[in-house]
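>>> Fold the stuff below for me.
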Amino acid sequence: MADAPPPRPARRLALRVVPYWILGDGLTSLVLAALAWFLLRPWLADNPWHKDQWAEWWPIGERVLLVLCLMLLALAVLVPPINYLRWRYDFRSDLLVMRYGILFVEERTVPVRRMQHVDLSRGPIERLFGLATLVVFTAGNEGSAFRVPGLPVQLARELRDRIVQMRGDGRL
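Numbering: from 1, shown residues only. Predicted coordinates for the structure are as follows:
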């Protein structure tokens, strides 16, 4: 008889991960939208076709470019709350269990015995929100690093220390 799969993880990320994701994704979207606007708009205006037969299409092209940039920014605001609702993790006995994704949902179970080492990652925006990302490196090729984002710093440290203790390394 096969072992039953572990129950779905129940713990949520810290709620302040939502504004962190919105700010991070928003800044990225702004940069991409600005690049698209300032690089594509002059290219289309200088296009030799623009001056002749395509002259009446340029205003439509400009509007389409503007709508695409606004949609990119809207996604940066709408996706993080949905992502927060879908993200779950748990640490049970000797397993790290994660479930995440909006369109494509992934469930991962990482046994402590497969973990090579554990890191904490804190970018400048994460530090602003008092968050950390627990990064677990495992043996293997595909998907050998697992990330649990949006953890309060103290909780991330406790999980890291617990994993290190269970591994018996004695080092942090």
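
>>> which parts of stretch 19-36 are buried?
Tyr20, Trp21, Ile22, Gly24, Asp25, Gly26, Ser29, Ala33 (16 or more other C-beta atoms under 10 Å). (C-beta placed from N, C-alpha, C; glycine too.)

>>> Closest to Arg86 out of these?
Trp21 (12.3 Å; C-beta to C-beta).

>>> Does the closest one touch Trp87 like I think?
No: taking C-beta atoms under 8 Å as the definition, Trp21 is not a contact partner of Trp87, at 10.2 Å.

>>> Need the residues touching each of those two.
Common neighbours of Trp21 and Trp87, counting by C-beta atoms under 8 Å, 6 or more residues apart in numbering, are Gly150.

>>> returning to that earlier point: and the buried residues of stretch 19-36, which of them are in strands?
Judged by DSSP state E, these include no members of strands.

>>> Quick check: what element follows the helix or strand hosting Pro81 along the chain?
Using DSSP states H and E, Pro81 maps to helix 58-86. Downstream of helix 58-86, the next assigned helix or strand under DSSP H and E is strand 88-92.

>>> roughly how far is that next one from the heart of the chain?
Remark: strand 88-92 is offset 18 Å from the chain centroid, using C-alpha atoms, centre = their mean, to the nearest Å.

>>> So which bits of it are buried?
Within strand 88-92, judged by 16+ other C-beta under 10 Å, the buried ones are Arg88, Tyr89, Asp90, Phe91.

>>> pLDDT check: weakest of the residues you listed?
Least confident entry in the buried residues of strand 88-92, by pLDDT: Phe91, with 86.

>>> just to revisit the earlier point, where is pLDDT lowest across the buried residues of stretch 19-36?
Ala33 (82).

>>> picking up where we left off before, could you pick out which of the buried residues of stretch 19-36 are located in helices?
Tyr20, Trp21, Ile22, Gly24, Asp25, Gly26, Ser29, Ala33 (DSSP state H).

>>> Surely the last one touches Cys69?
Yes: using C-beta under 8 Å, Ala33 is in contact with Cys69, at 3.7 Å.

>>> how is this protein carved up into domains?
Listed by automatic domain parsing, the domain ranges of the chain are 17-84, 88-167.
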